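>>> Dropping a prediction and its sequence here:
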Amino acid sequence: MSDGSADLVISLRDVHKAYGSGAGLTPVLRGVSLDLEKGEIVALVGQSGSGKSTLLNICGGLDTADKGSVKVLGLDYGKASDRELAELRNGKIGFVFQAFNLLDHLTCLGNVMLPSSFSPRRGKAERKNVEERATEALRRVGLADLANRHPMELSGGQKQRVAIARALYHRPVLLLCDEPTGNLDTETGREVIELFSDINQKDGVTMLIVTHEQRVSSAAGRVVRIEDGSIIEGDAVLHGSGVMPKVKADAEVAS
(Lines give C-alpha, C1' and ligand atoms only; values in the text may rest on other atoms or scores of the structure.)
Protein backbone atom coordinates (compact mmCIF):
# COMPACT_ATOMS: atom_id res chain seq x y z
CA MET A 1 0.00 0.00 0.00
CA SER A 2 1.34 3.42 -0.94
CA ASP A 3 1.99 6.28 1.49
CA GLY A 4 -0.55 8.55 -0.21
CA SER A 5 1.95 10.49 -2.31
CA ALA A 6 1.02 12.82 -5.15
CA ASP A 7 1.97 10.09 -7.62
CA LEU A 8 -1.19 8.12 -6.86
CA VAL A 9 -3.51 7.81 -9.86
CA ILE A 10 -6.06 5.59 -8.08
CA SER A 11 -6.63 5.45 -4.32
CA LEU A 12 -9.38 3.23 -2.92
CA ARG A 13 -10.10 2.84 0.78
CA ASP A 14 -12.53 0.32 2.30
CA VAL A 15 -14.78 0.27 -0.78
CA HIS A 16 -18.05 -1.67 -0.50
CA LYS A 17 -20.64 -2.38 -3.17
CA ALA A 18 -23.78 -4.53 -3.17
CA TYR A 19 -26.68 -5.02 -5.55
CA GLY A 20 -30.31 -5.76 -4.77
CA SER A 21 -32.10 -5.11 -1.50
CA GLY A 22 -33.44 -6.87 1.57
CA ALA A 23 -33.13 -10.63 1.44
CA GLY A 24 -31.89 -10.34 -2.13
CA LEU A 25 -28.95 -8.10 -1.26
CA THR A 26 -25.76 -9.46 -2.86
CA PRO A 27 -22.42 -8.05 -1.68
CA VAL A 28 -19.97 -7.64 -4.55
CA LEU A 29 -17.11 -5.67 -3.00
CA ARG A 30 -16.25 -6.13 0.67
CA GLY A 31 -13.91 -3.42 1.91
CA VAL A 32 -11.46 -3.14 -0.98
CA SER A 33 -8.40 -0.88 -0.61
CA LEU A 34 -6.02 -0.40 -3.52
CA ASP A 35 -3.50 2.14 -4.83
CA LEU A 36 -2.11 2.59 -8.34
CA GLU A 37 0.88 4.83 -8.81
CA LYS A 38 1.66 6.89 -11.89
CA GLY A 39 3.05 4.81 -14.75
CA GLU A 40 2.07 1.43 -13.30
CA ILE A 41 0.40 -1.40 -15.16
CA VAL A 42 -1.64 -3.50 -12.74
CA ALA A 43 -3.51 -6.69 -13.63
CA LEU A 44 -6.63 -7.25 -11.53
CA VAL A 45 -7.25 -10.98 -11.65
CA GLY A 46 -10.03 -13.19 -10.36
CA GLN A 47 -12.73 -15.63 -11.35
CA SER A 48 -16.00 -14.58 -12.94
CA GLY A 49 -18.19 -12.95 -10.29
CA SER A 50 -15.26 -12.02 -8.05
CA GLY A 51 -16.04 -8.29 -8.31
CA LYS A 52 -13.19 -7.22 -10.58
CA SER A 53 -15.35 -5.60 -13.27
CA THR A 54 -17.42 -3.80 -10.64
CA LEU A 55 -14.21 -2.46 -9.12
CA LEU A 56 -13.02 -1.28 -12.54
CA ASN A 57 -16.34 0.47 -13.20
CA ILE A 58 -16.16 2.24 -9.86
CA CYS A 59 -12.64 3.44 -10.67
CA GLY A 60 -13.95 4.82 -13.96
CA GLY A 61 -16.94 6.54 -12.41
CA LEU A 62 -19.33 4.28 -14.32
CA ASP A 63 -20.69 2.91 -11.02
CA THR A 64 -20.72 4.24 -7.47
CA ALA A 65 -19.49 2.73 -4.22
CA ASP A 66 -21.96 2.22 -1.39
CA LYS A 67 -19.28 2.93 1.18
CA GLY A 68 -15.62 3.93 1.26
CA SER A 69 -13.35 6.44 -0.44
CA VAL A 70 -12.63 6.55 -4.18
CA LYS A 71 -10.08 9.05 -5.45
CA VAL A 72 -8.89 9.04 -9.04
CA LEU A 73 -6.40 11.56 -10.41
CA GLY A 74 -6.94 13.67 -7.33
CA LEU A 75 -10.74 13.82 -7.66
CA ASP A 76 -12.74 12.54 -4.67
CA TYR A 77 -15.68 10.78 -6.28
CA GLY A 78 -17.76 11.07 -3.11
CA LYS A 79 -17.59 14.87 -3.27
CA ALA A 80 -17.47 15.39 -7.03
CA SER A 81 -20.35 16.76 -9.10
CA ASP A 82 -21.73 14.90 -12.12
CA ARG A 83 -20.02 17.47 -14.34
CA GLU A 84 -16.64 16.94 -12.70
CA LEU A 85 -16.97 13.17 -13.09
CA ALA A 86 -17.97 13.53 -16.74
CA GLU A 87 -15.03 15.83 -17.46
CA LEU A 88 -12.64 13.37 -15.82
CA ARG A 89 -14.00 10.41 -17.79
CA ASN A 90 -14.04 12.27 -21.10
CA GLY A 91 -10.69 13.95 -20.74
CA LYS A 92 -8.33 11.84 -18.66
CA ILE A 93 -9.64 8.24 -18.58
CA GLY A 94 -9.77 5.83 -21.51
CA PHE A 95 -11.88 2.64 -21.51
CA VAL A 96 -11.26 -0.60 -23.41
CA PHE A 97 -13.81 -3.42 -23.22
CA GLN A 98 -13.86 -7.07 -24.24
CA ALA A 99 -16.76 -6.58 -26.68
CA PHE A 100 -15.03 -3.66 -28.51
CA ASN A 101 -18.27 -1.59 -28.43
CA LEU A 102 -17.77 -0.21 -31.93
CA LEU A 103 -20.65 1.23 -33.98
CA ASP A 104 -21.00 -0.73 -37.21
CA HIS A 105 -22.47 2.16 -39.22
CA LEU A 106 -19.38 4.30 -38.58
CA THR A 107 -15.97 3.93 -40.17
CA CYS A 108 -12.92 3.23 -38.03
CA LEU A 109 -12.14 6.95 -38.13
CA GLY A 110 -15.72 7.77 -37.14
CA ASN A 111 -15.56 5.40 -34.18
CA VAL A 112 -12.31 6.92 -32.96
CA MET A 113 -13.80 10.41 -33.32
CA LEU A 114 -16.77 9.53 -31.10
CA PRO A 115 -15.28 10.96 -27.87
CA SER A 116 -15.19 14.38 -29.53
CA SER A 117 -19.01 14.36 -29.65
CA PHE A 118 -19.02 14.93 -25.89
CA SER A 119 -17.05 18.15 -26.30
CA PRO A 120 -18.37 21.52 -27.56
CA ARG A 121 -18.15 21.88 -31.33
CA ARG A 122 -16.26 24.85 -32.79
CA GLY A 123 -16.98 24.71 -36.50
CA LYS A 124 -14.96 23.41 -39.44
CA ALA A 125 -11.56 24.17 -37.93
CA GLU A 126 -12.36 22.11 -34.87
CA ARG A 127 -13.66 19.21 -37.00
CA LYS A 128 -10.38 19.19 -38.92
CA ASN A 129 -8.50 19.04 -35.63
CA VAL A 130 -10.74 16.17 -34.47
CA GLU A 131 -10.04 14.21 -37.66
CA GLU A 132 -6.31 14.81 -37.36
CA ARG A 133 -6.28 13.65 -33.74
CA ALA A 134 -8.36 10.55 -34.57
CA THR A 135 -6.07 9.72 -37.49
CA GLU A 136 -3.05 10.04 -35.20
CA ALA A 137 -4.69 7.67 -32.70
CA LEU A 138 -5.24 5.12 -35.48
CA ARG A 139 -1.64 5.54 -36.57
CA ARG A 140 -0.59 4.94 -32.97
CA VAL A 141 -2.19 1.48 -33.07
CA GLY A 142 -1.00 0.71 -36.61
CA LEU A 143 -4.34 1.11 -38.42
CA ALA A 144 -4.13 4.50 -40.17
CA ASP A 145 -4.55 2.76 -43.54
CA LEU A 146 -7.90 1.27 -42.43
CA ALA A 147 -9.48 4.58 -41.40
CA ASN A 148 -12.33 4.34 -43.94
CA ARG A 149 -13.24 0.71 -43.30
CA HIS A 150 -16.20 -0.35 -41.18
CA PRO A 151 -15.99 -2.69 -38.16
CA MET A 152 -17.58 -5.62 -40.01
CA GLU A 153 -14.62 -5.56 -42.41
CA LEU A 154 -12.08 -6.02 -39.61
CA SER A 155 -10.64 -8.95 -37.71
CA GLY A 156 -11.12 -9.22 -33.95
CA GLY A 157 -7.64 -7.91 -33.29
CA GLN A 158 -8.17 -4.95 -35.60
CA LYS A 159 -11.47 -4.13 -33.88
CA GLN A 160 -9.74 -4.10 -30.51
CA ARG A 161 -7.03 -1.82 -31.87
CA VAL A 162 -9.69 0.59 -33.10
CA ALA A 163 -11.26 0.47 -29.63
CA ILE A 164 -7.86 1.23 -28.10
CA ALA A 165 -7.37 4.11 -30.55
CA ARG A 166 -10.75 5.51 -29.48
CA ALA A 167 -9.66 5.23 -25.83
CA LEU A 168 -6.47 7.13 -26.70
CA TYR A 169 -8.26 9.93 -28.54
CA HIS A 170 -8.18 12.35 -25.58
CA ARG A 171 -4.62 11.28 -24.65
CA PRO A 172 -5.71 9.82 -21.29
CA VAL A 173 -3.61 9.60 -18.16
CA LEU A 174 -5.38 6.39 -17.07
CA LEU A 175 -6.50 3.43 -19.18
CA LEU A 176 -9.10 1.04 -17.71
CA CYS A 177 -9.39 -2.27 -19.58
CA ASP A 178 -11.98 -4.99 -18.96
CA GLU A 179 -10.88 -8.36 -20.40
CA PRO A 180 -9.28 -6.68 -23.46
CA THR A 181 -7.96 -9.98 -24.86
CA GLY A 182 -10.98 -12.10 -23.96
CA ASN A 183 -12.33 -12.31 -27.53
CA LEU A 184 -8.94 -12.71 -29.20
CA ASP A 185 -6.85 -15.70 -30.20
CA THR A 186 -3.46 -16.27 -28.59
CA GLU A 187 -1.32 -14.50 -31.18
CA THR A 188 -3.65 -11.52 -31.56
CA GLY A 189 -3.93 -11.24 -27.79
CA ARG A 190 -0.15 -11.15 -27.55
CA GLU A 191 -0.01 -8.31 -30.07
CA VAL A 192 -2.56 -6.30 -28.07
CA ILE A 193 -0.57 -6.84 -24.87
CA GLU A 194 2.56 -5.61 -26.64
CA LEU A 195 0.61 -2.55 -27.79
CA PHE A 196 -0.32 -1.81 -24.17
CA SER A 197 3.34 -2.15 -23.25
CA ASP A 198 4.33 0.32 -25.97
CA ILE A 199 1.68 2.84 -24.89
CA ASN A 200 2.79 2.56 -21.27
CA GLN A 201 6.49 2.93 -22.00
CA LYS A 202 6.25 5.75 -24.56
CA ASP A 203 3.32 7.74 -23.18
CA GLY A 204 3.51 6.88 -19.48
CA VAL A 205 -0.18 5.91 -19.33
CA THR A 206 -1.18 4.16 -16.10
CA MET A 207 -3.25 1.01 -16.70
CA LEU A 208 -5.60 -1.16 -14.68
CA ILE A 209 -6.40 -4.31 -16.64
CA VAL A 210 -9.12 -6.69 -15.48
CA THR A 211 -8.39 -10.22 -16.65
CA HIS A 212 -8.63 -13.88 -15.81
CA GLU A 213 -5.95 -14.78 -18.36
CA GLN A 214 -2.43 -15.77 -17.37
CA ARG A 215 -0.97 -14.27 -20.55
CA VAL A 216 -2.07 -10.80 -19.43
CA SER A 217 -1.19 -11.06 -15.74
CA SER A 218 2.22 -12.53 -16.58
CA ALA A 219 3.03 -9.42 -18.60
CA ALA A 220 1.90 -6.85 -16.01
CA GLY A 221 4.18 -5.01 -13.64
CA ARG A 222 2.01 -5.93 -10.65
CA VAL A 223 -0.81 -8.39 -10.02
CA VAL A 224 -3.69 -7.88 -7.59
CA ARG A 225 -5.97 -10.85 -6.94
CA ILE A 226 -9.59 -10.44 -5.93
CA GLU A 227 -11.83 -13.22 -4.62
CA ASP A 228 -15.43 -12.94 -3.44
CA GLY A 229 -15.17 -9.16 -3.38
CA SER A 230 -12.02 -8.99 -1.29
CA ILE A 231 -8.41 -8.51 -2.29
CA ILE A 232 -6.57 -11.59 -1.06
CA GLU A 233 -3.24 -10.93 -2.71
CA GLY A 234 -1.77 -7.65 -3.88
CA ASP A 235 1.30 -5.52 -4.41
CA ALA A 236 3.13 -8.54 -5.80
CA VAL A 237 5.75 -7.00 -8.06
CA LEU A 238 6.55 -9.53 -10.77
CA HIS A 239 9.24 -7.49 -12.46
CA GLY A 240 11.83 -4.90 -11.54
CA SER A 241 9.52 -1.96 -12.22
CA GLY A 242 5.85 -1.27 -12.52
CA VAL A 243 6.22 -0.94 -16.28
CA MET A 244 4.99 -3.79 -18.43
CA PRO A 245 7.95 -5.58 -20.03
CA LYS A 246 8.07 -7.04 -23.50
CA VAL A 247 5.67 -9.96 -23.74
CA LYS A 248 7.28 -13.37 -23.73
CA ALA A 249 6.76 -15.81 -26.57
CA ASP A 250 3.75 -18.06 -26.18
CA ALA A 251 5.98 -21.01 -25.37
CA GLU A 252 7.26 -19.15 -22.32
CA VAL A 253 3.91 -17.93 -21.00
CA ALA A 254 1.21 -20.26 -19.75
CA SER A 255 -2.03 -19.66 -21.58
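Great, that's in hand. Note that the structure is predicted; figures quoted are calculated from it, not measured.
>>> Stretch 80-89 - what's its average pLDDT?
Regarding stretch 80-89, the rounded mean pLDDT is 93.
>>> and that stretch, how far from the chain's centre?
From the chain centre to the centre of stretch 80-89 is a distance of 18 Å (C-alpha atoms, centre = their mean, to the nearest Å).
>>> What of stretch 96-112?
16 Å.
>>> quick one: buried residues of it?
96-98, 100, 102, 107-112 (16 or more other C-beta atoms under 10 Å). All C-beta spots, glycine's among them, are computed from the backbone N, C-alpha and C.
>>> can you tell me which of these lies nearest to Ser197?
Val96 (14.2 Å; C-beta to C-beta).
>>> ok now do the most centrally placed residue in the chain, which residues does it touch?
The residue lying closest to the centre of the chain (C-alpha atoms, centre = their mean) is Leu176, at 1.5 Å. For Leu176, the contact set (C-beta atoms under 8 Å, 6 or more residues apart in numbering) comprises 56, 59-60, 93-96, 207-208.
>>> Apply 6 Å and report the result again.
Shown in contact with Leu176 (C-beta atoms under 6 Å, 6 or more residues apart in numbering): 56, 60, 95, 208.
>>> Spatially, what comes nearest to it if we skip its sequence neighbours?
Using C-beta to C-beta, 6 or more residues apart in numbering and skipping residues adjacent in sequence, the residue nearest Leu176 is Gly60, 4.8 Å away.
>>> Let me see the backbone angles for the one you found.
phi -90, psi 0 (degrees, to the nearest 10).
>>> Pull the number of nearby residues for it.
20 (other C-beta atoms under 10 Å).
>>> Now do it, the pLDDT please.
96.
>>> How much space separates it from Arg215?
Distance, Gly60 to Arg215, using C-beta to C-beta, to the nearest Å: 23 Å.
>>> cool, and Gly51?
Relative to Arg215, and taking C-beta to C-beta, Gly51 is found at 22 Å.
>>> Equivalent analysis for Val72, please.
Taken as C-beta to C-beta, the span from Val72 to Arg215 is 27 Å.
>>> Let's verify the nearest residue to Lys159 once chain neighbours are set aside: helix, strand, or coil?
Excluding the flanking residues, the one nearest Lys159 by C-beta to C-beta, 6+ apart is Phe100, at 4.5 Å. Under DSSP: H, G, I helix; E, B strand; the rest coil, Phe100 falls in the coil class.
>>> For Phe100, grab phi and psi.
Torsion angles, degrees, to the nearest 10, at Phe100: phi 70, psi -50.
>>> In this structure it contacts Ile164, no?
No - the pair Phe100 / Ile164 is not scored as a contact, 9.7 Å apart, by C-beta atoms under 6 Å.
>>> tell me which element the residue nearest to Cys108 when sequence neighbours are not counted is part of?
Of all residues not flanking Cys108 in the chain, Val162 sits nearest, at 4.9 Å (C-beta to C-beta, 6+ apart). Using DSSP states H and E, the element containing Val162 is helix 156-168.
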